[in-house]
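> okay, structure incoming, though there's no sequence with it:
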């Protein structure tokens, strides 16, 4: 019996570590896909495919996701516009570390919007994260580029999304996959409308295999598999273990960006990134119960980067 429980725990930890690895790789994958197609077209295809695959989830009880899903989808549209343009304009390693700030920002956004004062420890986490951002973006020679600023905006909007999701779904049994389906449909439709309204519209679909492999990877693994694995593992592992494993996402992102894209963080950049990770882990350990949901929402749907 004890051996079976231990085996189940190792399986859960392995699944969560795999999700963190996939989410960490998604920044580099998205950056490569954007070499072949513009942001609006890429997002329309990515979330259009996600919507089609999840469409069956809107039957029966899934229809309850329509009312909250529409406004939440608009917020998610803003998130992914900021995030995807941010990834294109900054390094994948910077993007991975900066977007993880949503975990630190969320308790303070809950204080502002839901009147829930954060634990005193979170003020220390906030100071650590600010120091980390300062180091990551150049320290004394502060060089916050447009991509970094967009990633910070995306992290802030992700925190807003977590709070709005809590408020709009409170007291309702709304299937998570159905809610993701509605949000994905809103993001896809919004990107198509924005794309066709621009001079020249969207270009023809890319034929490069690299674009389609990358996009399908984000849809199938960074969104659908990640949601399945995380939800399955949550019932078998403690919130603390979940926090530690999922908090490794930005570290994987920086390592993969270095190995695959040849990006290099200097000592100051690594110090800043590790401070942000420390602040994230500190936040997750304090807010144990909401940790997995907040981290999932902050990501990467992340892919969802969440999915």
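Ah, there it is. This is a predicted model, so every value here is computed, not measured.
> hey, where'd the strands end up in the protein?
Here the chain has no strands by DSSP state E.
> below-threshold pLDDT in it: ranges please.
1-10, 138-143, 231, 233-247, 284-307 (pLDDT under 70).
> now with 50, please.
288-307 (pLDDT under 50).
> what's the helix of greatest length in the chain packed up against?
For the chain, the longest helix by residue count, based on DSSP state H, is helix 2-33. Packing partners of helix 2-33 (3 or more CB pairs under 8 Å, 6 or more residues apart in numbering; DSSP states H and E): helix 66-89, helix 92-99, helix 209-217, helix 226-234, helix 239-246, helix 249-261. From N, CA and C alone the C-beta is placed, and that goes for glycine too.
> just say which of those helices is most tucked in.
Among the helices and strands packed on helix 2-33, the stretch with the highest mean neighbour count (mean count of other CB atoms under 10 Å) is helix 92-99, at a mean of 29.
> between the longest helix of the chain and helix 66-89, how big is the angle?
60 degrees (axes from the mean of the first three to the mean of the last three CA atoms, to 10 degrees).
> now helix 2-33, how far from the chain's geometric center?
Centre-to-centre, helix 2-33 and its host chain are 14 Å apart (CA atoms, centre = their mean, to the nearest Å).
> please apply the same query to stretch 268-278.
19 Å.
> what residues sit buried inside stretch 192-208?
Residues of stretch 192-208 classed as buried by neighbour count (16 or more other CB atoms under 10 Å): 192, 194-195, 202, 206.
> give me the contact list for that stretch.
With contact meaning CB atoms under 8 Å, 6 or more residues apart in numbering, stretch 192-208 is reached by 36-38, 40-41, 44-45, 48, 212.
> end to end, how far does it reach?
End-to-end distance of stretch 192-208: 21 Å, with CA to CA, to the nearest Å as the criterion.
> how far off centre is that stretch?
25 Å.
> hmm, back to that, out of the buried residues of stretch 192-208, which comes closest to residue 228?
residue 192 (27.4 Å; CB to CB).
> do you know how far that closest one is from residue 179?
Distance of residue 192 to residue 179, computed by CB to CB, to the nearest Å: 21 Å.
> now the contacts of stretch 192-208 in JSON lines, with distance to residue 279?
Output for the contacts of stretch 192-208, formatted as JSON lines (distance: CB to CB, whole Å):
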{"residue": "36", "distance to residue 279": "35"}
{"residue": "37", "distance to residue 279": "35"}
{"residue": "38", "distance to residue 279": "34"}
{"residue": "40", "distance to residue 279": "33"}
{"residue": "41", "distance to residue 279": "35"}
{"residue": "44", "distance to residue 279": "34"}
{"residue": "45", "distance to residue 279": "34"}
{"residue": "48", "distance to residue 279": "35"}
{"residue": "212", "distance to residue 279": "37"}
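> mind checking which of the residues you listed land in helices?
Per DSSP H, the contacts of stretch 192-208 map to helices at 40-41, 44-45, 48, 212.
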